[in-house]
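Asks: Please find the sequence and the predicted model below.
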Protein chains: 2
Amino acid sequence: MTSPHTLTQTSRQRSFGGWQDVYQHHSDVLACDMNFAVYLPPQAEAQSCPVVYWLSGLTCTEQNFITKAGAQQYAAQHGLIIVAPDTSPRGCKLPGEDDSYDFGSSAGFYLNATQEPWAQHYRMYDYVVTELPGAIAANFPIRETHQGIMGHSMGGYGALMIALRNPGRFKSVSAFAPIVAPPQVPWGKKAFSNYLGSTLSDWLAYDPTHLVKTAPERLPILIDQGDADSFLKEQLQPELFAAACQAVNHPLTLRMQPGYDHSYYFIASFMGDHLAHHAATLVP
Amino acid sequence: MTSPHTLTQTSRQRSFGGWQDVYQHHSDVLACDMNFAVYLPPQAEAQSCPVVYWLSGLTCTEQNFITKAGAQQYAAQHGLIIVAPDTSPRGCKLPGEDDSYDFGSSAGFYLNATQEPWAQHYRMYDYVVTELPGAIAANFPIRETHQGIMGHSMGGYGALMIALRNPGRFKSVSAFAPIVAPPQVPWGKKAFSNYLGSTLSDWLAYDPTHLVKTAPERLPILIDQGDADSFLKEQLQPELFAAACQAVNHPLTLRMQPGYDHSYYFIASFMGDHLAHHAATLVP
């Protein structure tokens, strides 16, 4: 097995004066090979740059973000490197892994599974928080002191949860239509019960709405949410997170966007605002 | 059969304050049902707007452009309606139609076929030049006196050819990595011989490099071409068109873009420049 720091470039394309790359490497944590995308802005040719992690939602690979979000232009403008991992382990051939869109393949939920048969491979939390950043730091000119994180839907939950669990690690965080309270909604209940078992405290350790109550760091959060999002009322319920933030005076900007749905058309429409939010703290 | 002016909306998504719509209608010209995309900028709520037609390349449907080109933000900024048709008739079940990526399905080449079995359905020239614009004018608040056309690869050829064959019709034209001289390159030879037969004059009627020689209108043309485009030397050869333009003093801006390939990453990187080029003549 090669080191997770050993990367194979699978594609490289010029984009807004920089490079949109995709790499494959072996993940020891996930015990499989993984793809991830890196956008290198023009500034990265001459200097180290802040890095923003993007976490995608259910059904996605690393491709959805890089083809549809329109982020490269803003990353080039601000001089931001953007890293977009895949959403789950791949090729593990676990029983039932491919049976539904909201569990297993493409639905890793950025946690460390404790239940069988998932516990060996489904450790996206450790992958995204530790192993992948190690590979990024070893291979790209990032400023490790200047990192941000954002995501969409399951990935919006991932971004909020990871930022809240790792105080001091990120200087900026934002989310598009995040699952803010997994233990209270069907997507989260299905994933958490299968990956984590039935102990409530194990669930709360991955629940942004719970974690924010005792967050030792009050990092300002930007959330955009379309009011025509078909998942809004059942799966997303941003008002749960807003209430939790308000109760502890956590700085949250929650913008309800009229007429927008859950798609990348929504994401692209506000990507400029989100990367400006990240650049405001990441770019000197 | 319903009129081609009768549209069924198959999707509608909020995008940059406007709407990215997809419609289906029956095409009399193509004798099949067709999808096309329309982006309506916020300005279209209150007033009529200029319209730009986008013609896609080989293998594409109406979806590639609307998901990957990042055009909506610029259309919203300038107040442009963008219409993106599909690239060929669909569902015609002609023998051999689906056998290759560069002929038949998704490869209509924006011409009127004269050869069997293609002649009944493969009439994308009449569809794009006449039938579709009629449906657009009947259903959307366009300014019929202010139209532009652009496209990519096969669609870049389509945009140049249609603009050159219809003097006075368009106020602006541009292309990304167009096939500028179909009779001289493999893609064009294969398509033209099968759709049009072997008479040279029939080919030249669809050849931008030939048509520009006698163009009665000298509409300025913007072309961007990546110098790392794997199709550049064999299929595209923009120097053939540049020489023809120079010989007749036709205004051409041909920009060779270092490191860019043939993909939508290339298109997205320069879409802002192209829509600014169109807006400069289309927007009062």
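Replies: Structure received.
Asks: Can you tell me the centre-most residue of chain A?
Replies: A:Leu55 (2.2 Å; C-alpha atoms, centre = their mean).
Asks: Would you map the strands across the stretch 101-250 of chain A?
Replies: Under the criterion DSSP state E, counting those that start in this stretch, the stretch 101-250 of chain A contains strands at A:142-152, A:172-176, A:221-226.
Asks: now, of these, which is deepest in the fold?
Replies: strand A:172-176 (a mean of 27; mean count of other C-beta atoms under 10 Å in any protein chain shown). C-beta: built from backbone N, CA, C; applies to glycine.
Asks: Correct me if wrong: A:Trp120 contacts A:Asp28.
Replies: Not quite, residue A:120 is Gln, not Trp. No: look at A:Gln120 against A:Asp28 with C-beta atoms under 8 Å: they stay out of range, at 11.6 Å.
Asks: A:Gly155 reaches A:Tyr53, doesn't it?
Replies: No: between A:Gly155 and A:Tyr53 there is no contact under C-beta under 8 Å: 9.5 Å.
Asks: near chain B, which residues of the stretch 51-200 of chain A show up?
Replies: A:67-68, A:70, A:72-73 (C-beta under 8 Å from any C-beta of the partner chain).
Asks: Repeat the analysis, applying 6 Å as the threshold.
Replies: With C-beta under 6 Å from any C-beta of the partner chain as the criterion, the stretch 51-200 of chain A meets chain B at residues A:67-68, A:70.
Asks: who wins for neighbours among the residues you listed?
Replies: Sorting those by how many neighbours each has (other C-beta atoms under 10 Å in any protein chain shown) puts A:Gly70 first, at 26 neighbours.
Asks: circling back to that earlier point, inside helices: which ones of the residues of the stretch 51-200 of chain A next to chain B?
Replies: A:67-68 (DSSP state H).
Asks: what secondary structure does A:Arg12 sit in?
Replies: Secondary structure, DSSP: H, G, I helix; E, B strand; the rest coil: A:Arg12 is strand.
Asks: What residue, apart from its backbone neighbours, is nearest it spatially?
Replies: Spatially, and ignoring its direct neighbours in sequence, A:Arg12 is nearest to A:Asp21 (4.9 Å; C-beta to C-beta, 6 or more residues apart in numbering or on different chains).
Asks: Check A:Ala107 too.
Replies: A:Leu58 (5.3 Å).
Asks: how would you label that neighbour: helix, strand or coil?
Replies: Applying three-state DSSP: A:Leu58 is coil.
Asks: all helices for chain A, in order.
Replies: With DSSP H applied, chain A shows helices at A:62-68, A:72-78, A:124-126, A:132-139, A:154-165, A:186-196, A:200-204, A:208-211, A:238-248, A:264-282, listed in chain order.
Asks: And the first one, what's buried?
Replies: Using 16 or more other C-beta atoms under 10 Å in any protein chain shown as the burial criterion, the residues of helix A:62-68 that qualify are A:62, A:64-68.
Asks: How far away from the center of its chain is that helix?
Replies: Its chain's average C-alpha position is 13 Å from that of helix A:62-68, according to C-alpha atoms, centre = their mean, to the nearest Å.
Asks: Likewise for the fourth one?
Replies: Put simply, helix A:132-139 sits 16 Å off its chain's centre (C-alpha atoms, centre = their mean).
Asks: can you give me the mean pLDDT across that helix?
Replies: Average pLDDT, helix A:132-139: 98.
Asks: go on, the fifth one?
Replies: Averaging pLDDT along helix A:154-165 yields 98.
Asks: what packs against that helix?
Replies: In terms of contacts (3 or more C-beta pairs under 6 Å, 6 or more residues apart in numbering or on different chains; DSSP states H and E), helix A:154-165 is packed against strand A:49-55, strand A:142-152, strand A:172-176, helix A:208-211.
Asks: so that helix versus strand A:142-152, what angle?
Replies: Interaxial angle, helix A:154-165 versus strand A:142-152 (axes from the mean of the first three to the mean of the last three C-alpha atoms, to 10 degrees): 130 degrees.
Asks: buried ones in helix A:154-165?
Replies: For helix A:154-165, by 16+ other C-beta under 10 Å, it's A:154-164.
Asks: do you know how far the one residue in the stretch 51-200 of chain A that gets nearest to chain B is from B:Lys171?
Replies: When scored by C-beta to the nearest C-beta, the stretch 51-200 of chain A has A:Gly70 as its residue closest to chain B, at 4.4 Å. As for A:Gly70, its distance to B:Lys171 is 27 Å (criterion: C-beta to C-beta, to the nearest Å).
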